[in-house]
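[1] Sequence first, then the predicted structure:
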Amino acid sequence: QVRLVESGGGLVQAGGSLRLSCAGSGRTFGDYAMSWFRQAPGKERAFVASISDKGDVTRETDSVKGRFTVSRDNARNTVFLQMNSLKPDDTAVYYCAQSKYSTVPGADVRNYDYWGQGTQVTVSS
């Protein structure tokens, strides 16, 4: 059974930083691309960033480019999202997702078959 568990969320002031982690289990973590999504209150779940199976290709949504960095450590079955220069608009529940594929899957949720439970990130102004 595949399980994804996020951690690292919390309350931070605007301009601050947080590092989210997502630990995977249940199948060979390094065979699959991983992504982060977020869902703000009253809004649909939105793509944030993706990383390929070996970590050599990444993709971020425009609103976080230059501020957020996705990375992974396959030896630890973990994917990370380093978030710097946080803004109140970044407030959301952040979810990690495991793709069906090894290559960067992008925003289409149909490309993912497992999701974590989410971790809350709140940025105060």
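    Received the coordinates, thanks.
[2] Strands of this structure, start to end?
    Ranges of strands within the chain are 3-7, 10-13, 18-25, 34-39, 46-51, 58-60, 68-73, 78-83, 92-99, 112-115, 119-124, based on DSSP state E.
[3] What lies in contact with the last one?
    Outside strand 119-124, the residues that touch it by C-beta atoms under 8 Å, 6 or more residues apart in numbering are 6-14, 16, 18, 20, 38, 83, 86-94. Every C-beta, even on glycine, is put in place using the N, C-alpha and C of the backbone.
[4] about what we covered before: just send the strands of the chain back as JSON lines, with mean neighbour count too.
    Output for the strands of the chain, formatted as JSON lines (neighbours: other C-beta atoms under 10 Å):
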{"stretch": "strand 3-7", "mean neighbour count": "17"}
{"stretch": "strand 10-13", "mean neighbour count": "13"}
{"stretch": "strand 18-25", "mean neighbour count": "19"}
{"stretch": "strand 34-39", "mean neighbour count": "24"}
{"stretch": "strand 46-51", "mean neighbour count": "22"}
{"stretch": "strand 58-60", "mean neighbour count": "17"}
{"stretch": "strand 68-73", "mean neighbour count": "18"}
{"stretch": "strand 78-83", "mean neighbour count": "23"}
{"stretch": "strand 92-99", "mean neighbour count": "23"}
{"stretch": "strand 112-115", "mean neighbour count": "17"}
{"stretch": "strand 119-124", "mean neighbour count": "17"}
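[5] which sections of the protein are below the confidence cut-off?
    Across the chain, nothing is flagged by pLDDT under 70.
[6] Can you tell me which residue is spatially central in it?
    Trp36 (2.3 Å; C-alpha atoms, centre = their mean).
[7] Wait, it touches Leu20, no?
    Yes: Trp36 lies in contact with Leu20 (C-beta atoms under 8 Å); the separation is 7.2 Å.
[8] Please consider this matter closed, and thank you.
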